[in-house]
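Undergrad: Please work out how this folds:
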Amino acid sequence: MEKLIIKEGSNVLKIVNLDKDELTLGADSTNDVILDHILVAPFHAKIKKSDEGFIFIDLDTDNGSYIQGIKIMKHLLTHNDEVEVANYVIVYDEGIGYEDETETSIITAFEKEDITKLGRPYFLSRNPGSEGKRYPIEKTSVTVGRSEGVDIVVVDTTVSRKHAQLEFKDNHYILTDLDSSNGTYVNGEKVDIKIISFGDLVQFGEMKFVFSGDLES
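TA: This is a model prediction of the structure:
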């Protein structure tokens, strides 16, 4: 399902499922998504479902809505679009998964029908010398990097000291790149922020891991 990730700076505030034909955004408390800021209009924008996809519509506001610094009035959203409204960033996520039975799929380690039963998350190494090693995710927010100050230490020169953050929020796992030198990838796609699922191949620099979890009884 398509989703919106609402950010303020590097903080993820909320994840909203696009499960209705029209969704409103603004400072007024009656909106579906409330953006509480002096530069946000009471009824700032709406996202409307069409045959082509979801369309972001600015409601002729004084302070506007922007994508990559360009003011927009009406825009057909595509995967990973980032709409700026005041100090908020609204990321459009199409919920694209990866289903090929290749090294980017958890099918190499688990039966597909078991994926939805997985819990107690961890990163499973797919790297020579540490193949099969588990890196447990024991908090709702963890950092990944090669520095000793992070929660999950990955020792490799292609990994930045503080490379990425994984956060559990609104029943979703959100992976955010922390301005790393060599990038963060999910199923081969370079990402700044991404909702990830069990079975996704996550890559920090050149280091590859399957996002996984133990089977729940």
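
Undergrad: Check what pLDDT the most centrally placed residue in the chain gets.
TA: Taking CA atoms, centre = their mean, the centroid of the chain lies closest to residue 194, which sits 2.0 Å from it. Here, the pLDDT recorded for residue 194 equals 93.

Undergrad: residues touching it, list them.
TA: Taking CB atoms under 8 Å, 6 or more residues apart in numbering, we find residue 194 in contact with 80, 93, 174-175, 186. To be clear about C-beta, it is placed using only N, CA and C from the backbone, and glycine gets the same treatment.

Undergrad: go on, residue 54?
TA: 2, 18, 47-48, 76-77, 92.

Undergrad: Quickly list what it is bridged to.
TA: Residue 54 has these beta-bridge partners by DSSP bridges: residue 49.

Undergrad: Output stretch 69-77 in CSV with nothing but the alpha carbons.
TA: The C-alpha trace of stretch 69-77 is given here as CSV (Å, rounded to 0.1, in the frame of the first residue of the first chain):
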residue,chain,number,x,y,z
GLY,A,69,13.0,23.8,-4.4
ILE,A,70,10.4,24.2,-7.2
LYS,A,71,7.0,25.5,-6.2
ILE,A,72,4.2,23.1,-7.2
MET,A,73,0.5,23.5,-7.5
LYS,A,74,-0.4,20.1,-8.8
HIS,A,75,2.0,17.1,-9.1
LEU,A,76,1.6,13.4,-9.9
LEU,A,77,3.5,11.7,-7.1
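
Undergrad: now it: mean pLDDT?
TA: Mean pLDDT, computed over stretch 69-77, is 96.

Undergrad: For it, which residues meet the burial criterion?
TA: The neighbour-count check on stretch 69-77 (16 or more other CB atoms under 10 Å) flags 72, 75, 77 as buried.

Undergrad: How about the last one: what's its closest non-neighbour residue?
TA: So the one you mean is residue 77. Spatial nearest neighbour of residue 77, chain neighbours left out: residue 92 (4.3 Å); criterion: CB to CB, 6 or more residues apart in numbering.

Undergrad: and if you look at the first one?
TA: Excluding the flanking residues, the one nearest residue 72 by CB to CB, 6+ apart is residue 65, at 5.6 Å.

Undergrad: ok, how many other residues are close to residue 162?
TA: Neighbourhood size, residue 162 [other CB atoms under 10 Å]: 16.

Undergrad: is it true that it touches residue 176?
TA: No. In terms of CB atoms under 8 Å, residue 162 does not count as a neighbour of residue 176; the distance is 11.2 Å.

Undergrad: Roughly how far does residue 187 sit from residue 175?
TA: Taking CB to CB, to the nearest Å as the measure, residue 187 falls 11 Å from residue 175.
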